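Participant: Quick one, what's the 3D model for this:
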Amino acid sequence: MTETAARPAMTLTIAGSEATGGAGAQADLKTFQELGTFGMVALTCIVSFDPKDDWGHRFVPVEQQVIADQIEAIFGDYAPEQLDTLKLGMMGSPETIETVASALKARRTRQVVLDPVLICKGQEPGHALNTDNALKAELLPLATFVTPNHFETEQLSGMTVESVEDLTAAAQEIHRHSGAAVLAKGGVRLAGSEAVDVFVDAETTEILSAPKIGEHAVSGAGCSLAAAVTSELAKGATALEAARRAKEFVTEGIRQRVEGATPFDALWQGGLRRS
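Facilitator: Next comes the predicted model:
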């Protein structure tokens, strides 16, 4: 009798497409594969950098019914116990947030990792604000783990973050009002030689630190961090274990980043394998 190999852990990202491969759903799927999980994606929008306009963002939303259909197909294909860990990335509009939130509320999903993307450079400021408010109202309450960057940490906490102590206090505040585990990213935004992130959950506050690699943010770091957390949680890691592993994954991906014509480099999801 032929032995059947153990099935991989399964991970879903509901996020936008970024065609150059540095960020978005492309980065999520590569991260899932690198960390040994079976990845799926439901696309919410398509973002294309414009090389004729200083690499600005061209934003195209996916129709709401198409988003709902993708989620229906994925959850219809697999049993709830197979697909209980997912990542939420860029939504792009209040309508998309409502569609995704409604779909998740109708299904049993044990672990929801929210990368709270609060800015899309291709949108008008008023529309972006409406999207931000909808995300806080509809998706944050569903999250079990949140991975805000420096700006998002300030927005979600209502606090100014200028130091590691500020970042810690802000992460604790986000955890207090959301109940989710929080991995708040200081990265290169805080002064000093270390790229510092702060993890907070109900039991632990831990500073995760690694030497900075350059002084500029790298495309895909935030997406890949949240996707790495998702992968590790799906494989059975604790929230703290997932945060530590994700930090290591992203650090090595930044170390071996990919250069192109854009004014920002892209993280390579294979960095940990090559280190």
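Participant: packing partners for the helix or strand bottoming out on mean pLDDT in the chain?
Facilitator: Ranking every helix and strand in the chain by mean pLDDT, DSSP states H and E puts helix 125-134 at the bottom, with a mean of 75. Applying 3 or more C-beta pairs under 8 Å, 6 or more residues apart in numbering; DSSP states H and E, one finds that helix 125-134 contacts helix 94-105. Just so you know, the C-beta spots here come from the backbone N, C-alpha and C atoms, and that holds for glycine as well.
Participant: ok, and what's touching the helix or strand following the helix it packs on?
Facilitator: Per DSSP states H and E, helix 94-105 leads on to strand 111-114 as the next helix or strand towards the C-terminus. Outside strand 111-114, the residues that touch it by C-beta atoms under 8 Å, 6 or more residues apart in numbering are 84-88, 104, 139-140, 142-147, 180, 226, 229-230, 233-234.
Participant: Just the angle for the least confident helix or strand of the chain relative to helix 94-105, thanks.
Facilitator: Relative orientation of helix 125-134 versus helix 94-105 (axes from the mean of the first three to the mean of the last three C-alpha atoms, to 10 degrees): 20 degrees.
Participant: Buried residues of helix 125-134, list them for me.
Facilitator: Buried residues in helix 125-134, counted by 16 or more other C-beta atoms under 10 Å: Ala128, Asn130, Thr131, Asp132, Ala134.
Participant: repeat for stretch 49-63
Facilitator: Under the neighbour-count criterion of 16+ other C-beta under 10 Å, stretch 49-63 has Phe49, Phe59, Pro61, Val62 buried.
Participant: could you dump those to TSV with pLDDT and secondary structure?
Facilitator: Output for the buried residues of stretch 49-63, formatted as TSV (pLDDT from 0 to 100; DSSP: H, G, I helix; E, B strand; the rest coil):
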residue	pLDDT	secondary structure
Phe49	91	strand
Phe59	91	strand
Pro61	95	strand
Val62	98	coil
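Participant: Looking at the residues you listed, which is nearest Asp197?
Facilitator: If you rank those by distance to Asp197 using C-beta to C-beta, Phe49 comes first, at 26.5 Å.
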